[in-house]
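S.K.: fold the following for me, if possible:
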Amino acid sequence: MYLIEVKTRFIGFHRYKKASENVKFLRDWHRHLFGVEVLLQVNHGERDIEFFTFQEQLDKFIKKNYENKFFEKSCEYIAEEIALKFNCVEVKISEDGENAGIFINHNL
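M.R.: Numbers count the residues shown, from 1 in each chain. As a prediction, this is how the structure comes out:
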(Lines give C-alpha, C1' and ligand atoms only; values in the text may rest on other atoms or scores of the structure.)
Protein backbone atom coordinates (compact mmCIF):
# COMPACT_ATOMS: atom_id res chain seq x y z
CA MET A 1 0.00 0.00 0.00
CA TYR A 2 1.27 3.46 -0.91
CA LEU A 3 0.36 6.42 1.27
CA ILE A 4 1.08 10.12 1.04
CA GLU A 5 1.11 12.45 4.01
CA VAL A 6 -0.08 16.02 3.67
CA LYS A 7 0.10 18.61 6.44
CA THR A 8 -1.46 22.01 6.88
CA ARG A 9 -2.50 24.40 9.67
CA PHE A 10 -5.28 26.82 10.45
CA ILE A 11 -6.42 29.15 13.21
CA GLY A 12 -9.84 28.45 14.66
CA PHE A 13 -11.92 28.93 17.79
CA HIS A 14 -13.88 26.24 19.57
CA ARG A 15 -15.39 25.32 22.90
CA TYR A 16 -16.64 22.27 24.76
CA LYS A 17 -19.81 23.18 26.64
CA LYS A 18 -19.84 19.89 28.60
CA ALA A 19 -16.28 20.19 29.91
CA SER A 20 -15.86 18.93 33.46
CA GLU A 21 -15.26 21.31 36.33
CA ASN A 22 -11.48 20.80 36.44
CA VAL A 23 -11.21 22.05 32.82
CA LYS A 24 -14.16 24.43 32.82
CA PHE A 25 -12.16 27.00 30.86
CA LEU A 26 -12.82 24.80 27.81
CA ARG A 27 -16.48 25.81 28.00
CA ASP A 28 -15.51 29.26 26.74
CA TRP A 29 -14.42 30.09 23.21
CA HIS A 30 -10.67 29.68 22.86
CA ARG A 31 -8.22 29.97 20.00
CA HIS A 32 -5.97 27.24 18.67
CA LEU A 33 -3.50 26.81 15.88
CA PHE A 34 -4.86 23.52 14.60
CA GLY A 35 -2.47 21.19 12.85
CA VAL A 36 -3.83 18.81 10.23
CA GLU A 37 -2.01 15.65 9.17
CA VAL A 38 -3.63 13.46 6.54
CA LEU A 39 -2.67 10.01 5.25
CA LEU A 40 -4.11 9.36 1.83
CA GLN A 41 -3.81 6.09 -0.05
CA VAL A 42 -2.49 6.25 -3.61
CA ASN A 43 -2.33 3.38 -6.08
CA HIS A 44 1.30 3.55 -7.17
CA GLY A 45 4.66 5.14 -6.47
CA GLU A 46 4.06 7.93 -8.97
CA ARG A 47 1.07 9.11 -6.91
CA ASP A 48 -2.49 9.47 -8.18
CA ILE A 49 -2.57 13.01 -6.83
CA GLU A 50 0.31 15.37 -6.20
CA PHE A 51 0.96 16.55 -2.63
CA PHE A 52 0.37 20.19 -3.52
CA THR A 53 -2.82 19.45 -5.44
CA PHE A 54 -4.36 17.58 -2.52
CA GLN A 55 -3.13 20.18 -0.03
CA GLU A 56 -4.86 22.89 -2.09
CA GLN A 57 -8.15 20.93 -1.99
CA LEU A 58 -7.79 20.36 1.75
CA ASP A 59 -6.97 24.02 2.45
CA LYS A 60 -9.99 25.14 0.42
CA PHE A 61 -12.28 22.89 2.48
CA ILE A 62 -10.73 24.09 5.76
CA LYS A 63 -10.95 27.75 4.78
CA LYS A 64 -14.64 27.37 3.93
CA ASN A 65 -15.56 25.47 7.11
CA TYR A 66 -13.07 26.18 9.88
CA GLU A 67 -10.37 28.78 9.31
CA ASN A 68 -10.88 31.84 11.57
CA LYS A 69 -14.34 30.52 12.45
CA PHE A 70 -16.09 29.53 15.68
CA PHE A 71 -17.25 25.92 15.95
CA GLU A 72 -18.21 23.40 18.61
CA LYS A 73 -16.53 20.34 17.13
CA SER A 74 -13.74 18.38 18.73
CA CYS A 75 -10.52 17.53 16.93
CA GLU A 76 -11.81 13.97 16.49
CA TYR A 77 -14.98 15.14 14.75
CA ILE A 78 -13.07 17.45 12.42
CA ALA A 79 -10.69 14.58 11.63
CA GLU A 80 -13.62 12.30 10.85
CA GLU A 81 -15.26 14.87 8.60
CA ILE A 82 -12.05 15.37 6.59
CA ALA A 83 -11.34 11.63 6.39
CA LEU A 84 -14.79 10.81 5.06
CA LYS A 85 -14.91 13.73 2.61
CA PHE A 86 -11.53 12.94 1.04
CA ASN A 87 -11.41 9.15 1.61
CA CYS A 88 -8.34 9.44 3.83
CA VAL A 89 -6.84 6.47 5.65
CA GLU A 90 -6.13 8.56 8.75
CA VAL A 91 -6.49 12.18 9.85
CA LYS A 92 -4.90 13.77 12.90
CA ILE A 93 -5.95 17.19 14.21
CA SER A 94 -3.73 18.74 16.86
CA GLU A 95 -4.13 21.80 19.06
CA ASP A 96 -1.10 24.09 19.22
CA GLY A 97 1.30 21.23 18.50
CA GLU A 98 0.39 19.47 21.75
CA ASN A 99 -2.62 17.20 22.04
CA ALA A 100 -4.43 15.66 19.09
CA GLY A 101 -7.49 13.73 18.04
CA ILE A 102 -7.17 11.02 15.40
CA PHE A 103 -9.72 9.38 13.15
CA ILE A 104 -8.86 6.13 11.33
CA ASN A 105 -11.09 5.33 8.39
CA HIS A 106 -11.77 1.58 8.62
CA ASN A 107 -14.06 1.74 5.56
CA LEU A 108 -11.15 1.76 3.11
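S.K.: pull the longest helix from the chain.
M.R.: As assigned by DSSP state H, the longest helix anywhere in the chain is helix 51-65.
S.K.: what's in contact with the following helix or strand past it?
M.R.: Moving toward the C-terminus from helix 51-65, the next helix or strand (DSSP states H and E) is strand 70-71. Applying Cβ atoms under 8 Å, 6 or more residues apart in numbering, the contact partners of strand 70-71 are Gly12, Phe13, His14, Trp29, Asn65. For the C-beta atoms, the positions are set from N, CA and C on the backbone; glycine is no exception.
S.K.: ok, now with 6 Å
M.R.: Applying Cβ atoms under 6 Å, 6 or more residues apart in numbering, the external contacts of strand 70-71 come out as Phe13, His14.
S.K.: strand partners (parallel or antiparallel) of it?
M.R.: strand 2-14 (parallel) (DSSP bridges).
S.K.: pLDDT score for Asp59?
M.R.: pLDDT recorded at Asp59 is 98.
S.K.: give the bridge partners for the residue lying closest to it once chain neighbours are set aside, please.
M.R.: Leaving aside its sequence neighbours, Asp59 sits nearest to Thr8 (Cβ to Cβ, 6 or more residues apart in numbering; 5.6 Å). Beta bridges link Thr8 to Val36, judged by DSSP bridges.
S.K.: look at Thr8 and say how many residues are nearby.
M.R.: 16 (other Cβ atoms under 10 Å).
S.K.: residue contacts, it?
M.R.: Contacts of Thr8 (Cβ under 6 Å, 6+ apart): Val36, Gln55, Leu58, Asp59.
S.K.: now do the last one against Ala79, distance only.
M.R.: What that stands for is Asp59. 16 Å (Cβ to Cβ, to the nearest Å).
S.K.: who has more neighbours, the two?
M.R.: Ala79 (26 against 16).
S.K.: list the buried residues in the helix or strand encompassing that one.
M.R.: Assessed by DSSP H and E, Ala79 sits inside helix 75-86. For helix 75-86, burial by neighbour count (16 or more other Cβ atoms under 10 Å) applies to Cys75, Ile78, Ala79, Glu80, Glu81, Ile82, Ala83, Phe86.
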